[in-house]
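Colleague: Give me the fold of what follows.
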Amino acid sequence: MDYYNLEVRQQLSLYIHALSSFCLKGHNPYPFAKNMHLIFENKSRLRKWLYQWEIDDAEMLKEKLDWFLQIGHRKEFRDSSMLLSGLSISERAAYIQSLPDGDPRRAKLIVSNHYLTRLPVEGIAAYDYSWCVYACCAGYELGYLTEEDKWRMVAVIAREARISYSSWKDFAIGYAAGAHFTELSSSFEYVNKNQDFLIKLLIAPDSPLRQVSLSY
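Modeller: Numbers count the residues shown, from 1 in each chain. Here you go, the predicted structure:
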């Protein structure tokens with residue numbers, strides 16, 4: 001793929017916009033979802049996010065991007081789901097209840113159990129892919145990644161997202177499950193707080209998701 005071709009970059013830019021928009025949350029995030037360049041121009045914000053992942057140089061960014069692509073949170077989610085799938089419904093409930101309230105495994109198993117039959121085969125990969133794009137573009141803006149490497153990484157992520165999910169609706173469900181799983185939200189706060197935002201992303205005429213397709 002010619003990453004210096006204007007048409008190629010324009011297409012990949014649409015995927016950057018769509019995938020990274022899921023990473024937004026808080027009060028009225030939709031206007032920013034329509035203008036993600038405002039997020040990527042705020043270097044102090046980007047530096048803060050990367051610092052939360054212990055990223056402050058090019059090598060650490062590369063390690064994180066490789067982890068998102070090769071392993072991600074989806075491996076732990078898949079392992080939890082496989083554990084539960086071998087148990088009956090009553091056995092699952094008993095096993096989860098046997099864990100102490102403060103045990104992080106309990107919250108993650110509650111989420112895994114809730115989504116056990118509700119997700120595509122790739123599970124919460126959407127969460128990994130969205131944050132991989134976000135980290136990739138943030139790293140580029142902060143000088144940790146070359147422009148060519150940024151486009152190459154985005155192309156890989158976009159391809160994986162299209163292979164894994166047939167629609168943005170499925171992608172959104174996978175992302176929401178990933179948010180619950182990684183934030184230890186057994187009370188499913190992410191959807192409760194961001195439901196309106198997710199709906200707008202999926203149905204609003206000016207949504208970045210309307211500009212590019214996941215289906216082949």
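Colleague: ok, the spatially most central residue of the chain to residue 23 distance?
Modeller: Geometric centre of the chain, nearest residue: residue 127, 2.1 Å, by CA atoms, centre = their mean. Applying CB to CB, to the nearest Å, the value for residue 127 to residue 23 is 9 Å. Where C-beta positions appear, they are placed from N, C-alpha and C, glycine not excepted.
Colleague: What is the burial count for the residue nearest to residue 109 when sequence neighbours are not counted?
Modeller: Nearest residue to residue 109 in three dimensions, chain neighbours excluded: residue 96, at 5.0 Å (CB to CB, 6 or more residues apart in numbering). Look at residue 96: counted by other CB atoms under 10 Å, it has 20 neighbours.
Colleague: and the residue located most distally from the centre of the chain, which of the three is it?
Modeller: Of all residues in the chain, residue 90 has its C-alpha farthest from the mean position, at 31.3 Å, by CA atoms, centre = their mean. Here residue 90 is recorded as helix under DSSP: H, G, I helix; E, B strand; the rest coil.
Colleague: Residue 119 now?
Modeller: Recorded secondary structure, residue 119: coil (three-state DSSP).
Colleague: and it, what is it in contact with?
Modeller: Residue 119 sits next to 170, 173, 174, 177 when contact means CB atoms under 8 Å, 6 or more residues apart in numbering.
Colleague: One more: residue 96?
Modeller: Going by CB under 8 Å, 6+ apart, residue 96 touches 106, 109, 110, 113.
Colleague: again, but for residue 15
Modeller: Contact analysis of residue 15 by CB under 8 Å, 6+ apart lists 133, 154, 157, 158, 161, 212.
Colleague: So which of those residues wins on neighbours?
Modeller: With neighbours taken as other CB under 10 Å, the top of the contacts of residue 15 is residue 133, carrying 29 neighbours.
Colleague: which residue ranges form the helices in this structure?
Modeller: In chain order, the chain shows helices spanning 6-21, 30-33, 36-40, 43-52, 58-70, 72-85, 89-97, 104-114, 125-141, 147-164, 168-182, 189-203, with DSSP state H as the criterion.
Colleague: Output these as JSON lines; include the columns mean pLDDT.
Modeller: Putting these into JSON lines (pLDDT from 0 to 100) gives the following:
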{"stretch": "helix 6-21", "mean pLDDT": "93"}
{"stretch": "helix 30-33", "mean pLDDT": "94"}
{"stretch": "helix 36-40", "mean pLDDT": "92"}
{"stretch": "helix 43-52", "mean pLDDT": "92"}
{"stretch": "helix 58-70", "mean pLDDT": "96"}
{"stretch": "helix 72-85", "mean pLDDT": "95"}
{"stretch": "helix 89-97", "mean pLDDT": "95"}
{"stretch": "helix 104-114", "mean pLDDT": "92"}
{"stretch": "helix 125-141", "mean pLDDT": "97"}
{"stretch": "helix 147-164", "mean pLDDT": "94"}
{"stretch": "helix 168-182", "mean pLDDT": "94"}
{"stretch": "helix 189-203", "mean pLDDT": "91"}
